[in-house]
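S.K.: missing the sequence, but the structure's below:
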């Protein structure tokens, strides 16, 4: 079980270790990575790591939480960019799902790292997914779900669910990154079309 995560901004040394760990986990996978590998990449001694983290699971959780938080920040910022609804939703999806799929596909240990995420970082992922859903709901209310009827609320929930869950299905056949990103763009256009139709 991972220790309670502290914000990386509060401790530059923890941030350095987490950044180094991301590179090592991507290159070696979770099971083949040791504290010694992370220490070497971070430019410090193995015993020094234990001043900041209990074990490699804690480091993994911290590093992955930082990745998810950064991706969520970029995705939510894309919803505020100038552009059409389709362009904003596409920016959101590309910065979150597209970026993660690209990172996963670039590592020969992508599947193993995703499994480790379920074990070591579920809380961090859950927190960020709640933030993503809140930000997406706020955005969709602004651009398309202006009424308060039961049908409008159901439509809004449907859009959020599709944006959150459809990208997972797009990965089932393990597409190349460009193909996956095209699927995300098609999804953004489809939802934008529905939003525009419901608002007219």
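M.R.: Perfect, I can see it now. Quick caveat, the model's predicted, so the values are computed rather than measured. Numbering: from 1, shown residues only.

S.K.: how distant is stretch 16-33 from the center of its chain?
M.R.: How far stretch 16-33 lies from its chain's middle: 17 Å, per Cα atoms, centre = their mean, to the nearest Å.

S.K.: now swap in stretch 192-200 and tell me
M.R.: That offset, for stretch 192-200, works out to 27 Å (Cα atoms, centre = their mean).

S.K.: how about whichever helix or strand residue 196 is part of: buried residues?
M.R.: If you go by DSSP states H and E, residue 196 is part of helix 177-199. The neighbour-count criterion (16 or more other Cβ atoms under 10 Å) identifies 180-181, 183-185, 187-189, 191-192, 194-195, 198 as the buried residues of helix 177-199. Every residue, glycine included, has its C-beta placed from N, CA and C.

S.K.: I'd like the residues you listed as JSON lines, with distance to residue 171 and pLDDT appended.
M.R.: Below are the buried residues of helix 177-199 laid out as JSON lines (distance: Cβ to Cβ, whole Å; pLDDT from 0 to 100):
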{"residue": "180", "distance to residue 171": "7", "pLDDT": "96"}
{"residue": "181", "distance to residue 171": "12", "pLDDT": "97"}
{"residue": "183", "distance to residue 171": "9", "pLDDT": "97"}
{"residue": "184", "distance to residue 171": "11", "pLDDT": "98"}
{"residue": "185", "distance to residue 171": "15", "pLDDT": "98"}
{"residue": "187", "distance to residue 171": "13", "pLDDT": "97"}
{"residue": "188", "distance to residue 171": "17", "pLDDT": "97"}
{"residue": "189", "distance to residue 171": "19", "pLDDT": "97"}
{"residue": "191", "distance to residue 171": "18", "pLDDT": "95"}
{"residue": "192", "distance to residue 171": "22", "pLDDT": "95"}
{"residue": "194", "distance to residue 171": "23", "pLDDT": "90"}
{"residue": "195", "distance to residue 171": "24", "pLDDT": "89"}
{"residue": "198", "distance to residue 171": "28", "pLDDT": "81"}
